[in-house]
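Asker: quick one, fold the following:
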Amino acid sequence: MAEPAELSGRRRLRPAPLVFEPAEATADPEHFFDLESIEDPKELLARATELTLAFRAATDRAVEFQAVAAAQLADPKRFDRLTAADVAERAAWTEDYARKMIEFGRDLIRADGRPAEE
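Answerer: Model prediction:
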């Protein structure tokens with residue numbers, strides 16, 4: 001998980017577009033974003049690298065959304081707030097990790113200048 005200071009000091013990269021594959025292509029376990037059909041190793045490396053960066057960026061962004069949601073669910077101002085243990089259970093995390101994610105989410109919310117509940 002990236003720390004809030006890392007996120008604010010880091011420029012967001014625009015990920016390569018992820019092309020959705022037809023259902024029949026995804027049924028083949030060897031098929032992965034048509035990489036198996038690329039013959040030129042230079043082109044294969046370039047496209048595989050684009051996909052790697054796109055997936056990393058998507059993962060980082062999804063983790064930020066998880067953290068914000070965890071912070072919102074655990075907000076003490078909510079009458080139906082969840083404990084860190086409840087958040088951990090819902091997200092299949094450890095309670096310690098849930099506490100860290102809740103704090104990370106609170107930092108993200110503060111940095112964005114938004115209230116916890118919109």
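Asker: only C-alpha atoms from now on, for both contacts and neighbour counts.
Answerer: Will do.
Asker: pLDDT-wise, which helix or strand of this protein ranks last?
Answerer: Ranked by mean pLDDT, DSSP states H and E, the weakest helix or strand in the chain is helix 4-9, scoring a mean of 46.
Asker: could you find the closest non-adjacent residue to Asp75?
Answerer: Using Cα to Cα, 6 or more residues apart in numbering and skipping residues adjacent in sequence, the residue nearest Asp75 is Arg81, 5.9 Å away.
Asker: name the SS class of the one you found, please.
Answerer: Reduced to three states with DSSP: H, G, I helix; E, B strand; the rest coil, the structure at Arg81 is coil.
Asker: report how many residues lie close to it.
Answerer: For Arg81, the tally of surrounding residues (other Cα atoms under 10 Å) stands at 15.
Asker: who touches it in this structure?
Answerer: Applying Cα atoms under 8 Å, 6 or more residues apart in numbering to Arg81 gives the contacts Leu73, Ala74, Asp75.
Asker: any idea how far it is from Ala69?
Answerer: Separation of Arg81 from Ala69 (Cα to Cα, to the nearest Å) stands at 12 Å.
Asker: now Leu35
Answerer: Taken as Cα to Cα, the span from Leu35 to Ala69 is 35 Å.
Asker: and for Asp60?
Answerer: Relative to Ala69, and taking Cα to Cα, Asp60 is found at 14 Å.
Asker: all set now, cheers.
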